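Q: Show me the folded form of this:
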Amino acid sequence: MKNFTRYEVFVIAVLALGQFTVILDFMVMAPLSAILLPILHISTAQFGFAVSAYAISAGISGILTAGFADKFDRKKLLLFFYSGFILGTFLCGIASDYYFLLGARIVTGMFGGVIGSVGGAIITDLFQIEKRGRVMGFVQMGFAGSQVLGLPIGLYLANHYGWHSPFLMIVGLSTTMGIIMMVYLKPVAEHLKTKVEHNAFRHLYKTITHPDYLLVFSTMVLIATGGYMMMPFGSAFAVNNIGVTLDQLPLLYMVTGIFSFAVAPLAGRFSDKIGKYNVFLIGSVLTTIIVSIYCNLGVTPLWVIMIVNVLLFAGIFSRIVPASALMTAIPDTHDRGAFMSINASIPQFAGGAASAAAGLIVVQMPDGKILHYDTLGYVVIAAMIITAVMMYFIDQQVKKKIHSTKPV
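A: Below you'll find the predicted structure:
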């Protein structure tokens, strides 16, 4: 990590590993769909609501937190929400039925959904915009890492020791990470020296209605639509429609994750080098093409599915990394915590609605096949096209700010 100090490398590693545990907790639900649908005797709509419960809970929590997010040391906020996330995941690990699991997902989302926004605020406070593409690339490796290591191991545990075991594995990893954060992460409180609105609700209102922030919030709604609609039933579609077996799923996720592990930092490096919007646009074109192919696949050889998945996630990371880096440049110093919380909450609401809608759109036939998955793909493609246009205007906004006297 050239040009980063040793402590900056540590901060990046801590945030990346923290993201790894949080994203793994969320993502492990999707591949478990093929297991949970028959074991818990639930419908696709019920499973969709179990996934959306996390997102909606996270969205509400983020909005409620936004007014207070700039009033505390960001390290303390991170530890508070990370502890709650561990508790929620533990409850998932001991859930005895669907409604217990649904409640546990709500608790987990209430805390886990805010962690990414706190991490984003820490990154914005500690790293200049010229480095943020690379920083976001490394932090997003937590997502890839959850596939390379977490999802295969989680699926293996679920297949051999029951569906509770992946959640208990996450609890163990998260507890270790929480201790490391508490002991070695320095306070992040420089923002407390700036003028902050003392009334939390007024601060929340001013941030939500700030003209420069509205475009970002609207764009995140569409980004979330694409992310949440296909994910909940991805493994069920792969198993029942494409012909992937439950034993092959871990291998598929692992191969995809290994390539994603390399793509994320490369996307960050190129974002800083050739322009964040340029990389985002390339990623959008690639993702659009692959989604249109994937959602219409029938029974397909595993090696072909692996190639399609690798290309799909290459496109996804080439969108997520530069978009995240661009958006961190928008808020002023005294609004960063609130902005990040709201920016994380809005797509949670949208994503929760998208997951629930996905459960209503797709139908699982008696033989297990998922119908109308292609419809989800077309909705995602439409959202990506509109998002590409909106991101252009965000990019122009960032360029104007960089040339002004405001720090980014």
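Q: Quick check, residue 224 in contact with residue 350.
A: Yes. Shown here, residue 224 and residue 350 form a contact pair, counting by C-beta atoms under 8 Å, at 4.2 Å. The C-beta positions use only the backbone N, C-alpha and C, and glycine is treated the same way.
Q: pLDDT at residue 376, what is it?
A: For residue 376, the pLDDT comes out at 85.
Q: correct me, but it touches residue 363?
A: No. Residue 376 is beyond contact range of residue 363, at 11.8 Å (criterion: C-beta under 8 Å).
Q: ok, those two, which is more surrounded?
A: residue 376 (25 against 14; other C-beta atoms under 10 Å).
Q: Spatially nearest residue to that one, not counting backbone neighbours?
A: Sequence neighbours aside, residue 229 is the residue nearest to residue 376 in space, at 4.9 Å (criterion: C-beta to C-beta, 6 or more residues apart in numbering).
Q: could you check the distance from that neighbour over to residue 241?
A: 16 Å (C-beta to C-beta, to the nearest Å).
Q: who has more neighbours, those two?
A: Higher neighbour count among residue 229 and residue 241: residue 229, with 26 against 19, using other C-beta under 10 Å.
Q: check contacts around the more buried one.
A: 354-355, 357-358, 376, 379-380 (C-beta atoms under 8 Å, 6 or more residues apart in numbering).
Q: For the buried ones among the residues you listed, write the corresponding ChimeraX selection.
A: Per 16 or more other C-beta atoms under 10 Å, the buried members of these correspond to this ChimeraX selection:
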select :354,355,357,358,376,379,380
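Q: would CSV of the contacts of residue 229 with secondary structure and distance to residue 283 be doable?
A: CSV is the format used below for these (DSSP: H, G, I helix; E, B strand; the rest coil; distance: C-beta to C-beta, whole Å):
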residue, secondary structure, distance to residue 283
354, helix, 20
355, helix, 22
357, helix, 24
358, helix, 22
376, helix, 19
379, helix, 18
380, helix, 14
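Q: Closest one to residue 88 out of the contacts of residue 229, please.
A: If you rank these by distance to residue 88 using C-beta to C-beta, residue 355 comes first, at 17.6 Å.
Q: Look up the closest residue to that closest one, ignoring the ones flanking it.
A: In space, residue 355 is closest to residue 52, 3.9 Å off (C-beta to C-beta, 6+ apart).
Q: Next, that neighbour: phi, psi?
A: phi -70, psi -30 (degrees, to the nearest 10).
Q: Repeat that for residue 364.
A: Residue torsions, per degrees, to the nearest 10, at residue 364 are phi -100, psi 120.
Q: begin at 35 from here
A: Happy to do that; since the first residue is 35 now, the last one works out to residue 398.
Q: for residue 404, phi and psi?
A: Dihedral angles (degrees, to the nearest 10) for residue 404: phi -100, psi 120.
Q: Contact partners for it?
A: Taking C-beta under 8 Å, 6+ apart, one finds 78, 267, 270-271, 274-275, 396-398 in contact with residue 404.
Q: let's go with 6 Å and repeat that
A: Counting by C-beta atoms under 6 Å, 6 or more residues apart in numbering, residue 404 makes contact with 267, 270-271, 274-275, 396, 398.
Q: which of those tops the neighbour count?
A: Using other C-beta under 10 Å as the neighbour test, the contacts of residue 404 are led by residue 267, with 28 neighbours.
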